[in-house]
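Enquirer: Show me how the following folds:
(one chain, ligands or ions: 4)
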Amino acid sequence: MSSRLSALGALPALFALLLSRQVHAADIDPLIPDQAIVRLIPGADINAVNTRHGTATLRAIANRPIYLLDMPDGVDPEIFRDQLRDDPDVNYVDFNYASEAPEARGRTFFFNVMPVPDQYQTQAVWSAIGLPQAHQHSNGGGVLLAMVDGGLEIAHPALAGHIAPGGQNLIDGSANLEDVGDGQDNDSDGLVDEAVGHGTHIAGILAHVAPQAAILPLVVLDSDGLTDNFLLAAGVFAALDAGAVVVNVSIGTTYDSKVLEDALDEAELAGVVVVAAAGNLNRSAPPEYPAVLAAALGVVSVDGADVKSSFSNFGALMDLAAPGEAVYSTIPGGQYAAWSGTSMATPLVSGAAALLLARHADWPASIRAVRVTTYLQNTAVAIDAGNPGFAGQLGAGRLDVDAAVRDILGDLNCDARVNVLDINAFVLAIEDAAAYAAAHPFCDRGLADLNGDGMVNVLDIGPFVDSLLAP
Ligand SMILES: [Ca+2]
Ligand SMILES: [Ca+2]
Ligand SMILES: [Ca+2]
Ligand SMILES: [Ca+2]
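Expert: Residues are numbered from 1 along each chain as shown. Ligands and ions are numbered 1, 2, ... in the order given. As a prediction, this is how the structure comes out:
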């Protein structure tokens with residue numbers, strides 16, 4: 001990207017971009033002044049648009065006509081946006097807002113630094129979500145799992161062998177993926193490099209949950225945990241281009257960004273599972289995007305007793321809960337530490353999605369994301385009773401990876417539940433294998449073998465009825 005910027009003679013604009021990124025970390029993400037995001041119609045030329053409007057290209061998204069533009073000095077942003085919108089080459093226009101890691105926004109840091117991996121490997125978080133049992137069925141092999149986050153310590157011993165080639169730093173266009181500070185308070189909040197470790201910590205959680213998945217780092221967060229809507233969307237688009245089937249987004253923005261919605265819509269069409277952190281400010285409004293978008297799995301944090309974490313955002317648009325308190329994972333320097341946040345709950349769900357997709361590699365893109373959501377939600381452990389005041393606002397329940405990944409005998413309509421809705425499918429499975437396969441594509445007829453004799457036939461009827469009547 002840097003060569004493209006130079007070719008456009010946009011270095012002064014880039015300098016302006018760097019200055020404009022000196023925004024304060026805040027509860028509400030601030031507008032980044034003087035920037036516009038445009039998507040052009042197919043075949044349109046950004047240079048012609050820039051010439052007409054006096055704009056300059058600051059960044060471009062690969063393989064799509066989406067650009068971050070620097071507005072001319074002294075224009076009224078609203079009027080200027082309307083002028084851009086009236087340009088026949090322009091599909092949509094939006095402003096650019098800052099965006100943050102929830103832990104940067106909420107000011108939580110890693111703690112209990114340890115030189116050894118014992119806590120990381122043996123912590124109760126893994127057993128709380130049924131991970132050891134789930135690993136008997138799947139380790140995530142063959143799945144490309146993207147993380148749109150900060151950099152990560154590639155050389156960390158616990159990450160060796162887990163990182164996919166082809167990672168990108170979308171901030172500077174380089175291949176530098178490292179998780180290091182720059183000694184600067186990039187977001188002018190009085191804290192220097194407060195988000196160093198975030199990406200490494202997320203990577204360590206993904207690597208433990210889905211040990212055979214390949215983790216693709218897409219760096220959009222700076223060392224203070226700051227990014228913006230354009231970069232965040234660019235990270236999701238890059239994940240799609242790389243062929244990732246799961247995208248972990250432990251980042252949120254309070255602005256309902258058109259370009260981020262665009263990226264999530266494209267992910268949905270491609271059957272890619274985007275998992276996003278709810279946010280760490282114990283509120284339901286303003287919500288944080290993309291977690292609340294329909295195409296994302298929004299994750300809230302609970303403690304070891306499935307009680308909502310005091311910091312966790314919540315709301316009717318959340319999809320799942322997962323443990324997010326004092327989660328041990330990797331940090332730079334080859335070390336380990338605990339960190340609390342919805343950012344830490346999120347990769348538990350992303351890793352679970354990877355296990356599920358490795359187990360069901362036959363699921364085509366057309367059903368993949370919906371199936372993953374259905375399986376993870378319908379096998380989740382109900383937690384509303386233990387969270388008075390938050391009923392319906394913590395998602396479908398707490399992640400149970402074992403329940404999601406193992407075979408569910410009697411689930412003939414493949415919704416990860418066994419109930420009366422399986423009766424017709426069960427009868428079809430017994431009567432006519434071909435008709436069953438046609439009516440329930442990518443479901444497993446073998447789940448009708450309730451008596452476990454290796455055959456699906458009338459002898460399974462009694463045990464199936466018993467399973468429906470079981471408490
Ligand atoms: Ca800072
Ligand atoms: Ca910094
Ligand atoms: Ca079912
Ligand atoms: Ca049987």
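Enquirer: Residue 303: how many residues sit nearby?
Expert: Using other CB atoms under 10 Å, residue 303 has 16 other residues around it. C-beta: built from backbone N, CA, C; applies to glycine.
Enquirer: Let me see the contact set for it.
Expert: For residue 303, the contact set (CB atoms under 8 Å, 6 or more residues apart in numbering) comprises 309, 323, 325.
Enquirer: between those, which has the most around it?
Expert: Most surrounded of these: other CB under 10 Å gives residue 323, at 25 neighbours.
Enquirer: Could you check which helix or strand contains the residue nearest to that one when sequence neighbours are not counted?
Expert: Leaving aside its sequence neighbours, residue 323 sits nearest to residue 125 (CB to CB, 6 or more residues apart in numbering; 4.8 Å). Under the criterion of DSSP states H and E, residue 125 resides in helix 124-128.
Enquirer: Beyond that helix, next helix or strand please.
Expert: Helix 124-128 is succeeded, C-terminally, by helix 131-134 (DSSP H and E).
Enquirer: what are the pairing partners of whatever helix or strand comes next after that following helix, and which direction each?
Expert: Later in the chain than helix 131-134, the nearest helix or strand by DSSP H and E is strand 144-149. Taking DSSP bridges as the criterion, strand 144-149 forms sheet pairs with strand 214-219 (parallel), strand 246-249 (parallel).
Enquirer: most neighbours per residue, which of these?
Expert: Highest mean neighbour count of these: strand 246-249, a mean of 33 (counted as mean count of other CB atoms under 10 Å).
Enquirer: Please save the CA atoms from that one in CSV.
Expert: C-alpha atoms of strand 246-249 as CSV (Å, rounded to 0.1, in the frame of the first residue of the first chain):
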residue,chain,number,x,y,z
VAL,A,246,-13.6,-17.6,10.9
VAL,A,247,-12.7,-14.1,11.8
ASN,A,248,-12.0,-13.0,15.3
VAL,A,249,-12.7,-9.3,16.0
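Enquirer: what does the protein have sitting close to ligand 1?
Expert: Taking CB under 5 Å from the ion as the measure of proximity, the chain contacts ligand 1 at 185, 187, 189, 191, 224.
Enquirer: Tell me the one among the residues you listed nearest to residue 436.
Expert: Taking CB to CB as the measure, residue 436 lies nearest residue 224 of the residues of the chain next to ligand 1, at 55.1 Å.
Enquirer: since we're on the closest one, how many residues are nearby?
Expert: The burial count for residue 224: 27, using other CB under 10 Å.
Enquirer: Please apply the same query to residue 77.
Expert: Neighbour count of residue 77, defined by other CB under 10 Å: 14.
Enquirer: surely it meets residue 69?
Expert: No. Using CB atoms under 8 Å, residue 77 is not in contact with residue 69; the gap is 11.7 Å.
Enquirer: Residue 34 is in what secondary structure piece?
Expert: Assigned by DSSP H and E, residue 34 belongs to strand 31-40.
Enquirer: would residue 47 count as being in a helix?
Expert: Yes. Per DSSP: H, G, I helix; E, B strand; the rest coil, residue 47 lies within a helix segment.
Enquirer: Tell me the spacing between it and residue 41.
Expert: Distance, residue 47 to residue 41, by CB to CB, to the nearest Å: 15 Å.
Enquirer: now the helices: where do they sit in the stretch 351-471 of the chain?
Expert: Ranges of helices within the stretch 351-471 of the chain are 365-378, 401-405, 423-431, 433-439, 461-469, based on DSSP state H, counting those that start in this stretch.
Enquirer: Take the ones you listed and lay them out in a markdown table including mean pLDDT, distance to ligand 3 and mean neighbour count.
Expert: Output for the helices of the stretch 351-471 of the chain, formatted as a markdown table (pLDDT from 0 to 100; distance: least, CB to the ion, whole Å; neighbours: other CB atoms under 10 Å):
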| stretch | mean pLDDT | distance to ligand 3 | mean neighbour count |
| --- | --- | --- | --- |
| helix 365-378 | 97 | 8 | 19 |
| helix 401-405 | 98 | 13 | 24 |
| helix 423-431 | 98 | 8 | 19 |
| helix 433-439 | 98 | 13 | 13 |
| helix 461-469 | 95 | 10 | 14 |
